[in-house]
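K.L.:
Compute the structure for the input listed below.
(one chain, ligands or ions: 1)
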Amino acid sequence: MSNNKIESASPHVLPSLPYADNALAPVISANTISFHYGKHHKTYVDNLNKLIAGTEFADLPLEKIITGTAGKADKTAIFNNAAQTWNHTFYWRGLKPKGGGEPPAVLKKKIEASFGNLDACKKELANAATTQFGSGWAWLVLDGGKLKVVKTGNADSPLIQGAKPLLTIDVWEHAYYLDYQNRRADYVSAVLDKLINWDFAAENLG
Ligand SMILES: [Fe+2]
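P.N.:
All right, here's what the predicted structure looks like:
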């Protein structure tokens, strides 16, 4: 499933989860999913639809709304809700039951060229995820032909810097607090070892 599949037009809809709400347990519980997907993600979509109704953004695809509102002080609310809608859909697709393990060969080769080996890539992702101060995201991106790890605050997305996201880890407290309380590092390492969907990341290279 490529990034482009996330594009949707008004009214934007909350995409179905690609697995059952208890399929990521025990790393991410059904209870966390019920709040994170069922309330937070849904609210971003609902707010976005309300905010863009009757504006120049009403009929634009999601990515165009994000790039068209980024950095504009009077469009912050639209940007935040559009980017959070996109980021969450991308996050859910980048996880899967029985994930982790070895990436497909095409991605593994790129990881080795950019980081040396898979462990170094995972360490860099974990470091970005745990050191992002406050709310935000850690990302594996393709930028200028190389893979990089970047972190963004709040709703920000590598899309606005022109990089191509391959996968992301949500490090807002709502992503882990019910299951891990303040232990963000434990959430991040469990996600990387047991849920990360390298197939999805590899598909996004194309
Ligand atoms: Fe989130």
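
K.L.:
Point out where this protein drops to low pLDDT.
P.N.:
1-10 (pLDDT under 70).

K.L.:
how about 90 then?
P.N.:
1-10, 206 (pLDDT under 90).

K.L.:
Give me the residue at the spatial middle of it.
P.N.:
residue 91 (3.3 Å; CA atoms, centre = their mean).

K.L.:
just checking, that one touches residue 171?
P.N.:
No: the pair residue 91 / residue 171 is not scored as a contact, 10.3 Å apart, by CB atoms under 8 Å. Just so you know, the C-beta spots here come from the backbone N, C-alpha and C atoms, and that holds for glycine as well.

K.L.:
Residue 121 - how many residues pack around it?
P.N.:
22 (other CB atoms under 10 Å).

K.L.:
who's in contact with it?
P.N.:
111, 114-115, 140, 147, 149 (CB atoms under 8 Å, 6 or more residues apart in numbering).

K.L.:
which residues touch stretch 32-41?
P.N.:
Contacts for stretch 32-41 (CB under 8 Å, 6+ apart): 14, 17, 21-22, 24, 84-85, 88-89, 92, 170, 174-176, 178-179.

K.L.:
Could you do stretch 109-118 as well?
P.N.:
102-103, 108, 121, 124, 142, 146-148, 205.

K.L.:
With distance to residue 54 and secondary structure as new columns, can those residues be given to me in CSV?
P.N.:
Shown next, in CSV, are these (distance: CB to CB, whole Å; DSSP: H, G, I helix; E, B strand; the rest coil):
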residue, distance to residue 54, secondary structure
102, 49, coil
103, 44, coil
108, 48, helix
121, 45, helix
124, 44, helix
142, 36, strand
146, 42, strand
147, 41, strand
148, 39, strand
205, 38, coil
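
K.L.:
Mind giving me the PyMOL select for the residues you listed, buried ones only?
P.N.:
Buried residues among those (16 or more other CB atoms under 10 Å), as a PyMOL selection:
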select buried, resi 103+108+121+124+142+147+148
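
K.L.:
Distance check, the residue of the chain most remote from its centre against the ion.
P.N.:
Computed with CA atoms, centre = their mean, the residue of the chain farthest from its C-alpha average is residue 54, at 28.1 Å. Counting by CB to the ion, to the nearest Å, the gap from residue 54 to the ion is 28 Å.
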